[in-house]
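> any chance you could fold what I've pasted below:
(4 chains)
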Number of protein chains: 2
Amino acid sequence: MKQKVTIKTIAKELGVSTSTVSKALRDSHEISTETKDKIRAYADHYNYKPNNLALQLRNQKTKVIGVILPKIVHHFFSTVINGIENGAREKGYQVIVCFSNETYQSEVDNLKVLSNGSVDGLLVSIAKETLQNKKFNHFIDLVNEEIPLVLIDRVIDSIQCDKVIVDDIGAGYKATKHLIDRGRKKIAFLGTPEHVNVGLLRQNGYAKALKESNMPVLRERIIEIDDEKDVKPQIDRIIKEDIDAIFAVNEIYAANAIRSAKENGLRVPEDVAVVGFTDGLISEFSTPSISAIVQHGYTMGKQAVELLIERIENEGETFAPRTKVVSSNLNIRESS
Amino acid sequence: MKQKVTIKTIAKELGVSTSTVSKALRDSHEISTETKDKIRAYADHYNYKPNNLALQLRNQKTKVIGVILPKIVHHFFSTVINGIENGAREKGYQVIVCFSNETYQSEVDNLKVLSNGSVDGLLVSIAKETLQNKKFNHFIDLVNEEIPLVLIDRVIDSIQCDKVIVDDIGAGYKATKHLIDRGRKKIAFLGTPEHVNVGLLRQNGYAKALKESNMPVLRERIIEIDDEKDVKPQIDRIIKEDIDAIFAVNEIYAANAIRSAKENGLRVPEDVAVVGFTDGLISEFSTPSISAIVQHGYTMGKQAVELLIERIENEGETFAPRTKVVSSNLNIRESS
DNA sequence: TTTTAACACGAAAACGTTTTCGGTTAATGT
DNA sequence: ACATTAACCGAAAACGTTTTCGTGTTAAAA
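Coordinates of the predicted model:
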């Protein structure tokens, strides 16, 4: 990199002190218009830009917030980032994004680098592996250091911080209720293993709706898909069972269910209705298009960043952790 | 934020100098094992973490690379980030990602904050609006300051820097050739306005394949979809024309084309074959699934970050700009 | 006993800013 | 003519590190 022009070089070049240059550039009244003009002209001409690192080191404020998400190639998280970005920009904050790739180690690493003073606060959605291990010490340490932290979507109760979650129980209930209202009697649930707590909550909503209509919650109609590789065979299996509807816990599973159904000569929605979770592009462009719970990722991201900035800018006053619940809608399309 | 423990506090607390603490923590031979142990114990206990900003300010190296992309909710760019992330991690670099949302102003703003010393180098894919305005001064300034820069996918020739692009002409050619081989005679092209140069290149490939087979390149079979809102009506129009195949410049257009075809009672691929660009989830889960050019976003990201890091670590030696061309494959599915 | 060498540590500069506290000059008021 | 006050500017500290160069001990060698 080329030798950058700093306040020092300007000062030396113009025969004034660094203080004068600094003040001139910040338009202080202490400096005469004459010297101001001179300094400004020089700075302009040589394209002076203040060094952020130095500023941040001095101010002990970075005006940037760090985000750690499990994965990037994922519609929901993309929209969350979008919301964060916009919320942050409004308040004059920068956003830097890292990904844990669903692994514990990456999460810890990212946390370490970001909590070294590079950011004023953190937004994170916990990695699957971490959820599974139940190792949360890196987060506990964070709150002990009083670094502002807001958890998004994938949260755990024992961490004392602000949280933004979706009403997963309600969403599971809504989706199931919708299928029941459509006259379906044998509704299967396509979920993830227990440790991903949002999956469990959605399952609770599913069970709640069934019970309310005096329908049995049958173990064999609930599948927990463990390995990403096993999606297809497991769905193939359930589709051949005696069912007339499927509530899938995400978009991919829903799309796979439809494909399996078609391959087995079933019509959607006539023979088997399908409702998904996460309303993304797949749901929209699938044939038939898929009814799905729309998670308001944008809203969640925006709310989260607002909570965070509030914490950051009121440091000192330690008020109690807050939790925002963002509700979700069912977007009814052709598959149900 | 709580009062952080720094080298200074350790020094004061233990009655030694900051130099000693620094050296002890970096395991210098100059320090006796005795004091080393004492200092390490203290640092451990109080969870000392070196302040990144201070380090970076001193070293004039941040070990982070900045990425500016047009949008996040986009499969291709997601995979690019993935490649960048992994490539960077291998070399011990952090990645921070910003988005221009396809606007010129955001691009300039992001560039400004990142080029303030926060990053060692930049990876960017140019925003649509910038491409349209043809205002590239912010990039020119960057290369004048000798800040390492690598352009990805959406590049322009007048910027003297490393570039990673896909073989858009070849890809357009492959897709069109495939349709011709399938016996199609009247192939339409669904593209973007000229200023997005990748669109133009793909169109050139399309034309090349047609000419090679002595087929006419008809103006009325080429549509440039300008506004994102106009997608549907424009596609509806072309689908009613006398055509038997469509080559769409991206996934969304391809999916829309299929939907339009079905709505007009046409069978895919019997009546009209469809090939898309960007092989993402939509292509996979659409019915019929869509044949598509797979852009190797992951590879591009990885190559780009490798070029960049090479520049960063060999600063001084100014070697000529290099351009890497990543080829693409056609993934043949049901729609053709 | 004196010289030398090894060892353990500290002072200070440097990275690029901002800000507080003076200090100098000139103009103004009496 | 003297005191006061503006107006303008500079010195230095501070943010948290690392590193170079000294310097003071101590122990070994001469």
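> count of residues packed around the residue in the stretch 201-336 of chain A that DNA strand C sits nearest to?
Closest approach between the stretch 201-336 of chain A and DNA strand C, counting by CB to the nearest atom of the strand: A:Glu313, at 16.7 Å. Where C-beta positions appear, they are placed from N, C-alpha and C, glycine not excepted. The number of residues packed near A:Glu313 is 12, by other CB atoms under 10 Å in any protein chain shown.
> that one and DNA strand D, how far apart?
Counting by CB to the nearest atom of the strand, to the nearest Å, the gap from A:Glu313 to DNA strand D is 19 Å.
> one more: A:Lys208?
51 Å.
> contact partners for A:Arg154?
By CB atoms under 8 Å, 6 or more residues apart in numbering or on different chains, the contact list for A:Arg154 reads A:Pro70, A:Ser125, A:Ile126, A:Leu131, A:Val196, A:Asn197, A:Val198.
> name the secondary structure element that contains A:Ala209.
helix A:197-212 (DSSP states H and E).
> run the chain-centre distance for that helix.
Using CA atoms, centre = their mean, to the nearest Å, the distance from the centre of helix A:197-212 to the centre of the chain it belongs to is 22 Å.
> residues in contact with the next helix or strand after it?
On the C-terminal side of helix A:197-212, the nearest following helix or strand under DSSP H and E is strand A:222-224. Contact partners of strand A:222-224, identified using CB under 8 Å, 6+ apart, comprise A:188-194, A:199, A:203, A:234-235, A:237-238.
> now, those residues that are in helices?
Among those, the members found in helices (DSSP state H) are A:Gly199, A:Gln203, A:Gln234, A:Ile235, A:Arg237, A:Ile238.
> for A:Ile222, see how far away the second one is.
If I follow you right, that is A:Gln203. 7 Å (CB to CB, to the nearest Å).
> and what of the last one?
As defined by CB to CB, A:Ile238 lies at a distance of 9 Å from A:Ile222.
> where exactly do the strands run in the stretch 101-250 of chain A?
With DSSP state E, counting those that start in this stretch, the ranges of strands along the stretch 101-250 of chain A come out as A:121-124, A:149-152, A:162-166, A:187-191, A:222-224, A:245-248.
> these: which one's closest to DNA strand C?
Using CB to the nearest atom of the strand, those put strand A:121-124 closest to DNA strand C, at 21.6 Å.
> now stretch A:152-159: mean pLDDT?
Average pLDDT, stretch A:152-159: 93.
> measure it end to end?
In stretch A:152-159, first residue to last residue: 12 Å (CA to CA, to the nearest Å).
> and what of stretch A:160-171?
25 Å.
> ok, stretch A:3-16 next?
20 Å.
> hmm, who's touching that stretch?
A:17-18, A:20-22, A:25, A:35, A:38-39, A:42-43, A:46-51, B:117, B:145.
> what subset of these is buried?
Buried members of the contacts of stretch A:3-16, counted by 16 or more other CB atoms under 10 Å in any protein chain shown: A:Thr20, A:Val21, A:Ser22, A:Leu25, A:Ile39, A:Tyr42, A:Ala43, A:Tyr48, A:Lys49, A:Asn51, B:Gly117, B:Glu145.
> the residues you listed in helices, which ones?
When DSSP H is applied, the buried ones among the contacts of stretch A:3-16 are split such that A:Thr20, A:Val21, A:Ser22, A:Leu25, A:Ile39, A:Tyr42, A:Ala43 fall in helices.
> show me which of those residues is closest to DNA strand D.
Using CB to the nearest atom of the strand, A:Thr20 is the member of these that lies nearest DNA strand D, at 3.1 Å.
> what's the pLDDT at that closest one?
At A:Thr20, pLDDT is 96.
> contacts only, for it.
A:Ala11, A:Ile31, A:Thr35, A:Ile39.
> please verify my assumption that the last one contacts A:Ala24.
Meaning A:Ile39. Yes: checked against CB atoms under 8 Å, the pair A:Ile39 and A:Ala24 is within contact range at 4.1 Å.
> tell me, what's touching those two both at once?
A:Ile31.
> and stretch A:316-328, how far out from the chain middle?
That offset, for stretch A:316-328, works out to 16 Å (CA atoms, centre = their mean).
> may I see the buried residues of it?
Neighbour count says stretch A:316-328 has A:Pro321, A:Lys324, A:Val326, A:Ser328 buried, by 16+ other CB under 10 Å.
> and for stretch A:58-72?
A:Thr62, A:Lys63, A:Val64, A:Ile65, A:Gly66, A:Val67, A:Ile68, A:Leu69, A:Pro70, A:Lys71, A:Ile72.
> show the contacting residues for the first one.
Taking CB under 8 Å, 6+ apart as the contact definition, A:Thr62 lies against A:Gln56, A:Gly117, A:Ser118, A:Val119, A:Asp120, B:Leu53.
> need the pLDDT of A:Glu194.
pLDDT, A:Glu194: 69.
> and for A:Val119?
On pLDDT, A:Val119 comes in at 90.
> do I have it right that it meets A:Ile65?
Yes: between A:Val119 and A:Ile65 there is a contact under CB under 8 Å: 5.7 Å.
> quick check: neighbours shared by these two?
In contact with both A:Val119 and A:Ile65: A:Ile96, using CB under 8 Å, 6+ apart.
> what about the residue lying closest to A:Thr103 once chain neighbours are set aside, neighbour count?
Excluding the flanking residues, the one nearest A:Thr103 by CB to CB, 6 or more residues apart in numbering or on different chains is A:Glu129, at 5.1 Å. Neighbourhood size, A:Glu129 [other CB under 10 Å]: 18.
> what's near enough to touch A:Glu129?
A:Glu102, A:Thr103, A:Tyr104, A:Glu107 are the contacts of A:Glu129 under CB under 8 Å, 6+ apart.
> what about the first one, how many residues nearby?
Around A:Glu102 sit 18 other residues, with neighbours defined as other CB under 10 Å.
> separation between A:Asp37 and A:Asp44?
10 Å.
> higher neighbour count, these two?
A:Asp37 (12 against 9).
> part of a strand, is the more buried one?
No: going by DSSP: H, G, I helix; E, B strand; the rest coil, the assignment for A:Asp37 is helix, not a strand.
> quick one: contacts for it?
No contacts exist for A:Asp37 under CB under 8 Å, 6+ apart.
> pLDDT score for it?
For A:Asp37, pLDDT reads 96.
> and A:Met1, by the same measure?
pLDDT, A:Met1: 69.
> quick revisit: which among the ones in helices among the buried ones among the contacts of stretch A:3-16 gets closest to DNA strand C?
A:Ser22 (3.4 Å).
> what is the burial count for the residue nearest to the closest one when sequence neighbours are not counted?
Residue nearest to A:Ser22 in three dimensions, not counting chain neighbours: A:Ile7, with 5.8 Å by CB to CB, 6+ apart. Other residues near A:Ile7 come to 21 when the count uses other CB under 10 Å.
> follow-up on the earlier one: quick one: which of A:Gln203 and A:Ile222 has more around it?
Neighbours were counted for A:Gln203 and for A:Ile222 using other CB under 10 Å; A:Gln203 has more, 23 against 15.
> do I have it right that that one meets A:Ala171?
No: if you go by CB under 8 Å, A:Gln203 and A:Ala171 don't touch, sitting 11.2 Å apart.
> tell me the bridge partners for A:Val166.
Per DSSP bridges, the residues bridged to A:Val166 are A:Val326.
> doesn't A:Gln295 make contact with it?
Yes: under the criterion of CB under 8 Å, A:Val166 makes contact with A:Gln295 at 5.5 Å.
> tell me where the stretch 201-336 of chain A has helices.
For the stretch 201-336 of chain A, applying DSSP state H, counting those that start in this stretch gives helices covering A:231-239, A:251-263, A:281-285, A:297-313.
> what helices or strands is the second one leaning on?
Identification of packing neighbours for helix A:251-263 by 3 or more CB pairs under 8 Å, 6 or more residues apart in numbering or on different chains; DSSP states H and E yields strand A:187-191, helix A:231-239, strand A:245-248, strand A:273-277, helix A:281-285, helix B:281-285.
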